[in-house]
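>>> one predicted model, sequence on top.
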Amino acid sequence: MSYTQENILEALRGVLYFPKHDNVVALNMIRDIRMSDKKISFALFFAEKDDQNENTVRQACISAIINNVDPDAEVDVEIRYPADPLAKIGSIVAVASGKGGVGKSTVAANLAVALAKQGFKTGIIDADIYGPSIPLMFDVMNVKPKVLEEGSKQWIIPVEQYGVKVLSIGFFVDPAQALIWRGPMASNAIKQLFSETDWGELDYLVVDLPPGTGDIQLTLAQDYDITGIAVVTTPQEVALADARKALSMFKQEKIRIPVLGFVENMSYFTPAELPDNKYYIFGKEGGKKLAIDSGMPLLGEIPLVQSICESGDKGTPIALDDNSPISKAFMQLAENIRNEISKLKK
């Protein structure tokens, strides 16, 4: 008995995948059909592992072939799943802080831009779920990510800006409305940004974490292979104390994410009209002392200048400006982080 691939597909159109209310052919769940004598084989794709419908749908596919194509056929159905969307990412670098207001998101945004300028394929996830600011900093407030449908699975396509793939919960919520989510809801939203996004091939994925030591940090530690954490602080003691708490959290046995080092933001103030002057308005060398006490590297010292704030508000991170000394500070920060990651991977 002879039959064609179209005969097989026609038979399988009668097999429904109930969660999506459509048939397995329309949902692009059938792949790699092969025929040889009485043997018919194909792959049956599911969006996630251990789908409770796997065996039911598989048996329905076999029955459809036997009943509608060839009663004597030997049918082999291989269950498959999409590739891990993070599999082609070289390093995941999270930017954390013990408290808000230390410029963590500014550091994360400029770090991502600096890595991209250094020739690396770079992405950034805005995981600061209650206060997403990355869309503003990248001037993509009014842009919506596209969605790619692949079988029963939908993949988010990141927005690209300044050579960086950008994704934020801010793309999917009303910026004028506060997010009132309990911990599990926030954690599930973060998982979607990581696992339901087509990141493609990246050298570095920068993650802008929420401040503090809460559910989001725990979710990332438990569910994803984070290469390392950069902890942002300012020189003042209240920020240093919270940075110590963040360091303690990431070193706990159940978490144990490598800490790459500290970034001291707002190290000193330099007015534009007096570029050689330094005013230590938040204290002096607090980050350096913290790094020495903790046995961790000081990855960078970022001064407080008006142009950083202005560039962030305009959606053009200061790292884009080749003529700015602040840009050079972020380029050096990116290089230092790359060096620390290289040490970890030796």
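Nice, I can see it. Numbers count the residues shown, from 1 in each chain.
>>> counting by contacts, list what the longest helix seen in the chain packs against.
Longest helix in the chain, counting residues (DSSP state H): helix 325-345. Packing partners of helix 325-345 (3 or more C-beta pairs under 8 Å, 6 or more residues apart in numbering; DSSP states H and E): strand 89-97, helix 104-117, strand 228-233, strand 259-269, strand 298-304. For glycine as for every other residue, the C-beta is placed from the backbone atoms N, C-alpha and C.
>>> how big is the angle separating that helix from strand 259-269?
Angle, helix 325-345 to strand 259-269, by axes from the mean of the first three to the mean of the last three C-alpha atoms, to 10 degrees: 160 degrees.
>>> helix 325-345 to strand 89-97, inter-axis angle?
Using the same axes, to 10 degrees: helix 325-345 against strand 89-97 is 120 degrees.
>>> can you list the buried residues in helix 325-345?
Buried residues in helix 325-345, defined by neighbour count with 16 or more other C-beta atoms under 10 Å: 326-327, 329-331, 333-334, 336-338, 340-341.
>>> chain center to that helix: distance?
Relative to its chain's centre, helix 325-345 lies at 19 Å (C-alpha atoms, centre = their mean, to the nearest Å).
>>> name the residues that touch that helix?
91, 93, 107, 110-111, 113-115, 117-118, 227-228, 230, 258, 260-261, 263, 275, 297, 299-303, 305, 307-308, 318-321 (C-beta atoms under 8 Å, 6 or more residues apart in numbering).
>>> redo that, cut-off 6 Å
Under the criterion C-beta atoms under 6 Å, 6 or more residues apart in numbering, residues 91, 110-111, 114-115, 227, 258, 260, 299-300, 302, 305, 308, 318-319, 321 lie in contact with helix 325-345.
>>> okay, who's weakest in the residues you listed by pLDDT?
Lowest in pLDDT among those is Val305, which has 83.
>>> give me phi/psi at the most centrally placed residue in the chain?
Central residue of the chain (C-alpha atoms, centre = their mean): Ile125, 4.2 Å from the mean position. Main-chain dihedrals, Ile125, degrees, to the nearest 10: phi -110, psi 130.
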